[in-house]
Structures are given as C-alpha cells and as structure tokens.
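J.: Dropping a prediction and its sequence here:
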Amino acid sequence: MAYSATMDTAETVYEAVGGEPFFNELVERFYAGVAADPELLAMYPKPDDLADAKKHLAQFLVQYWGGPTTYSDSRGHPRLRMRHMPFRIGPAERDAWLRHMTAAVAGAVDLDRAIAGRLLDYFDMAAQHLVNAEPGAGQQTG
Ligand code: HEM
C-alpha cells in the first residue's frame, strides 16, 4: 500500500499515508466499532445513519493532517470542544472512543509505525481535550 512508505521531512502525514482513502478507510473501521458498541452508539443523534458523522470525521482528519480543507470549507472552524458539548463525555466515553480508534489504526496494515504512533498520540490528546463531564452519572444529558 502507498502508506507503507516512511515520511521524509517535508511530507505531510496526509501525503505519507497516500491521501484521502486512508482516512476514509480509518473512519469506516472506527465507525464499524462504534456501531457494534451500543452504549457509545446511543450518544449519536442518528445511530441508524452514521453517513454524515463519518464524512465529517474523515474530512476533519484529512484537513488536520495536511490535506484539503474541505471540512472547514463546509463546516467552518472545527471548534471540536464546543461541537462535543451536547454529548456527555466522561472518562468511560473517552476510553470507548479511543478503544475503537486505536483498533482502527491497528487495522491499517502496512502503516508506518512512526506515523501510527503520531496518530495515536494525537487521538489520545484530542479525546482527553473533549472530556466535558465527571465519571459516572449514566447516560448523556443532551
Ligand atoms: C472522546 C470521545 C468522543 C465522543 C464520545 C465523540 C462523539 C461524537 C458525536 C456523538 C458526534 C456527533 C455525530 C453526529 O452529529 O452525527 C461527534 C462528532 C464529531 N467528532 Fe467526536 N467524539 C469523541 C471524540 C472525538 C475526537 C477525539 C475527534 C477528533 C480527533 C472527534 C471528531 C469529531 C468530528 C470532526 C465530528 C463532526 C463535527 C461536526 O462537524 O459537526 N471526536 N463526535
């Protein structure tokens, strides 16, 4: 696969992994995990139709890692913490999200290990940043 190449210094992660298909496939694997996780899935406004959620996450990641700015062109500034405020994200939700994303990264066969490490470090940091609730207290508050 194209993304088996290691990065040279001037190259973006987006280029090193071969562009958009990598992120679309990553997001497909991630959401397959979410769809099989009833507690996490229950947080999603449209659990039966994750098409927009997939598109937005894939476009966001493409933009974040150096690809086209399609996400902000259609959605505006990411403001991810604000956009996640409607959802109750405590440590359990953070960990569930990260578990599925870690599995999705691990599912990228031939992915360069240094790039996998960068992706995982970023997801870890970003998920922690989106925590907006204390542990416990059950379901989302909406
Ligand atoms: C920490 C646990 C997280 C939970 C429980 C969570 C949950 C959600 C939910 C329920 C949505 C709404 C989907 C929809 O409207 O159909 C959403 C949207 C989104 N999430 Fe997360 N998320 C988490 C972490 C993250 C992280 C770490 C990122 C980025 C690295 C991320 C990126 C996004 C993006 C880009 C959107 C779409 C925003 C928009 O344009 O409306 N999320 N998330």
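T.: Received it, and whenever you're ready, just let me know what you need. Numbering: from 1, shown residues only.

J.: wait, doesn't Phe87 sit right on Leu40?
T.: No. The pair Phe87 and Leu40 fails to qualify as a contact (CB atoms under 8 Å) at a distance of 10.2 Å. (Glycine included, C-beta is placed from N, CA and C.)

J.: who touches both of the two?
T.: Glu93 (CB atoms under 8 Å, 6 or more residues apart in numbering).

J.: in which helix or strand would I find the closest residue to Asp52 other than its chain neighbours?
T.: Closest residue to Asp52 apart from its sequence neighbours, by CB to CB, 6 or more residues apart in numbering: Lys46 at 7.3 Å. Lys46 belongs to no helix or strand when assigned by DSSP states H and E.

J.: Skipping adjacent residues, who's closest to the residue nearest the centre of the chain in space?
T.: Nearest residue to the geometric centre of the chain (CA atoms, centre = their mean): Leu57, 5.8 Å. Leaving out its chain neighbours, the residue that sits closest to Leu57 by CB to CB, 6+ apart is Val27, at 5.1 Å.

J.: what's around that neighbour, how many residues?
T.: When counting by other CB atoms under 10 Å, one arrives at 23 neighbours for Val27.

J.: what does this protein have sitting close to the ligand?
T.: By the criterion of CB under 6 Å from any ligand atom, the positions of the chain lying close to the ligand are 43-46, 52-53, 56-57, 60, 75, 80, 83-84, 87, 89, 93-94, 97, 123, 126-127, 130.

J.: go again using 5 Å as the cut-off
T.: Proximity of the chain to the ligand (CB under 5 Å from any ligand atom) is limited to residues 43-45, 53, 56-57, 60, 75, 83, 87, 89, 93-94, 97, 126-127, 130.

J.: Give me the buried entries from those.
T.: Those of the residues of the chain next to the ligand that meet the buried threshold are 43-44, 53, 56-57, 60, 87, 89, 93-94, 97, 126-127, 130, by 16 or more other CB atoms under 10 Å.
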